[in-house]
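**Student:** please work out how this folds:
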Amino acid sequence: MNTISAAELASIQADAAATLDKSCEIQRKTTTKDKYGGQTVVWNTVSPDGLMAGLSQPTAGQLQNYAYMIASQASWQVHLPVGTDVQHQDRLIIDGQTLEVQVLLNPRSYAALLTVLASELK
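**Tutor:** From the prediction side, this is the model:
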């Protein structure tokens, strides 16, 4: 069985992250009390400045596997650097487009990038 050392994996991840070409902001929903005592939803930025992402079309298998979540919404695979703090239902603002994270796609092996399936919000 071949294994990759931690140093090799870190190098691969750094090289992969260097290919990301789109500016990305991650926003997370929180609720706060409004002046009337009710709850108001607030979207707070949780990503570091300069976070980059890449976009690609989801595979047919991904669309089929997650059809119950994404239905007919336009969806994308969003690639982020490994270790990025992103969660289900976070919003991703990429080139002025707002996407909602539907699924974190966890690899079964080594990961060069963190990949999520996200749908367009209109």
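**Student:** what comes up buried for the helix or strand of the chain with the lowest mean pLDDT?
**Tutor:** Least confident helix or strand of the chain, by mean pLDDT, DSSP states H and E, is helix 67-70 with a mean of 78. Neighbour-count burial for helix 67-70, counted by 16 or more other C-beta atoms under 10 Å, picks out residue 70. Yep, even glycine has a C-beta here, placed from its N, CA and C like the rest.
**Student:** format the CA atom coordinates belonging to it as PDB.
**Tutor:** Extracted in PDB, the C-alpha atoms of helix 67-70 (Å, rounded to 0.1, in the frame of the first residue of the first chain):
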ATOM      1  CA  ALA A  67     -31.600  15.700  -6.400                       C
ATOM      2  CA  TYR A  68     -33.800  15.600  -3.200                       C
ATOM      3  CA  MET A  69     -31.700  18.600  -1.900                       C
ATOM      4  CA  ILE A  70     -31.100  20.600  -5.000                       C
END
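**Student:** what does that helix contact?
**Tutor:** Contact partners of helix 67-70, identified using C-beta atoms under 8 Å, 6 or more residues apart in numbering, comprise 63, 102-103, 117, 119.
**Student:** residue contacts, residue 89?
**Tutor:** The contact partners of residue 89, by C-beta under 8 Å, 6+ apart, come to 29, 100-101.
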